[in-house]
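Student: sequence-free structure coming up:
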């Protein structure tokens, strides 16, 4: 008998006033993968970054493939980053962004953690759609995830799923 | 678990949502393996999703991942993919191949992953397609890629087995995991 999965672990919706970060903590290690979905309006040109387990050590690497309306591109930051930037910050304040972050085998304790991120930043002229392949080079299980940006506006919603 | 309205899982598979996603089988490799297979796949789902993370240490040469359905080794596969290496974007394709391809870089070690969707896999009236997001990142040197991959299998049979192979083997030592899910 197949096992039903894809379970919502927690949801956060920003209310009252904007914030600069949101964190999912005490993540159980009982799933194979995690998915984090985020939708909402960030501030102008806000870049959204990821850290895990509260770590600002140089453990984050990424390769990005993106389309920007009239062209394509690829960029990277390898080995030495202290956070993982998974989109290029092409927001203009009123248009929503959406991000889907897949954390593969997040609870293993013998290998770095990979993530595949689909990012959509749409606006009138300078949005992008991005695929990011990331590596968090730690053997520790991921037990907390933090997204940070200069401005995460009221109404932004993030949901963490267990798969 | 109740179905939550308005929350969808994938831009490619808009019907995937909480409440209709089932684990069919998961394999964690404990040693080097020439292939990974899922067989006796039930036909009771609308689509399949295969999620993988693998350690590539000890591999050499090309690292493309090859996908075959129902053990078909005929020249029935067509693939198209686009990838970014951090500084450039390229696209490649193949036709009349003996497998579908998920792009792999030509560097020696790293950690890779992919998420592959196979839509309408149980149909007996049309060819099958797969779509995969993937990539790999080196753990010690600045090399890696992100890729978007697609392939068609020119066969109308329902998919009942999936076989993955890779030049120079998958790498195990309890450091590779493959999980197959069904979506209803």
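Tutor: In hand now; what should we look at? Treat the numbers as computed from the prediction; the structure is a model and nothing was measured.

Student: looking at chain B, which helix or strand is least sure?
Tutor: Sorted by mean pLDDT, DSSP states H and E, the helices and strands of chain B end with strand B:162-170, the least confident at a mean of 80.

Student: What residues does residue B:21 make contact with?
Tutor: The neighbours of residue B:21, taking C-beta atoms under 8 Å, 6 or more residues apart in numbering or on different chains as the test, are A:4-6, A:163, B:9, B:49, B:181-183. C-beta coordinates here come from the backbone N, C-alpha and C atoms, glycine included.

Student: Quick one, which of those are buried?
Tutor: Judged by neighbour count, with 16 or more other C-beta atoms under 10 Å in any protein chain shown as the criterion, the buried members of the contacts of residue B:21 are A:5-6, A:163, B:9, B:49, B:181-183.

Student: Which strand residues bridge the most centrally placed residue in chain B?
Tutor: To find the centre residue of chain B, average its C-alpha atoms and take the closest one (C-alpha atoms, centre = their mean): that gives residue B:116, at 4.2 Å. Partner residues in beta bridges with residue B:116, using DSSP bridges, are residue B:50, residue B:132.

Student: pretty sure it contacts residue B:49?
Tutor: Yes. With contact defined as C-beta atoms under 8 Å, residue B:116 and residue B:49 form a contacting pair (6.9 Å).

Student: ok, back up a step: now the contacts of residue B:21 in a markdown table, please, with extra columns for secondary structure.
Tutor: Written out in a markdown table, the entries for these read as follows (DSSP: H, G, I helix; E, B strand; the rest coil):
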| residue | secondary structure |
| --- | --- |
| A:4 | strand |
| A:5 | strand |
| A:6 | coil |
| A:163 | coil |
| B:9 | coil |
| B:49 | strand |
| B:181 | strand |
| B:182 | strand |
| B:183 | strand |
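
Student: From the residues you listed, which shows the smallest pLDDT?
Tutor: The member of those with the lowest pLDDT is residue B:9, and it reads 34.

Student: Pass me the low-pLDDT residue ranges in chain A, would you?
Tutor: With pLDDT under 70 as the threshold, chain A has low-confidence stretches at A:1, A:79-80.

Student: Recalculate using a threshold of 90.
Tutor: Where chain A drops to pLDDT under 90, the residues are A:1-5, A:43-47, A:68-70, A:77-82, A:87-96, A:110-111, A:121-127.

Student: residues touching the spatially most central residue of chain A, list them.
Tutor: Against the mean C-alpha coordinate of chain A, by C-alpha atoms, centre = their mean, the closest residue is residue A:101 at 4.9 Å. By C-beta under 8 Å, 6+ apart, the contact set of residue A:101 is A:34-38, A:50, A:86, A:115-117.

Student: Equivalent analysis for residue B:179, please.
Tutor: Neighbours of residue B:179 in contact, by C-beta under 8 Å, 6+ apart: A:32-33, B:23, B:25-27, B:50-52.

Student: can you rerun that using 7 Å?
Tutor: A:32, B:23, B:26, B:51 (C-beta atoms under 7 Å, 6 or more residues apart in numbering or on different chains).

Student: Same question for residue A:52.
Tutor: Residues near residue A:52 by C-beta under 7 Å, 6+ apart: A:136, A:142, A:144-145.

Student: what's the closest non-adjacent residue to it?
Tutor: Taking C-beta to C-beta, 6 or more residues apart in numbering or on different chains as the measure, residue A:52 lies nearest to residue A:142, with 4.9 Å between them; neighbours along the chain are not counted.

Student: Looks like the one you found contacts residue A:25 (just checking).
Tutor: No. Look at residue A:142 against residue A:25 with C-beta atoms under 7 Å: they stay out of range, at 10.7 Å.

Student: Residue A:76 sits in which helix or strand?
Tutor: Using DSSP states H and E, the element containing residue A:76 is strand A:72-81.

Student: Could you do residue B:37 as well?
Tutor: Going by DSSP H and E, residue B:37 is part of strand B:33-38.

Student: and that strand, average pLDDT?
Tutor: For strand B:33-38, the mean per-residue pLDDT is 89.

Student: From residue A:4, how far off is the closest residue to residue A:95 other than its chain neighbours?
Tutor: In this structure, residue A:95 finds its nearest non-sequential neighbour in residue A:123, 4.0 Å apart by C-beta to C-beta, 6+ apart. When distance is defined by C-beta to C-beta, to the nearest Å, residue A:123 is 38 Å away from residue A:4.

Student: and what of residue B:151?
Tutor: Residue B:151 sits 29 Å away from residue A:4, taking C-beta to C-beta as the criterion.

Student: neighbouring contacts of stretch A:103-115?
Tutor: Among residues not part of stretch A:103-115, those counted as contacts by C-beta under 7 Å, 6+ apart are A:29, A:32-34, A:101-102, A:134-142, B:51, B:53, B:55, B:111-113, B:137, B:139, B:174-175, B:177.
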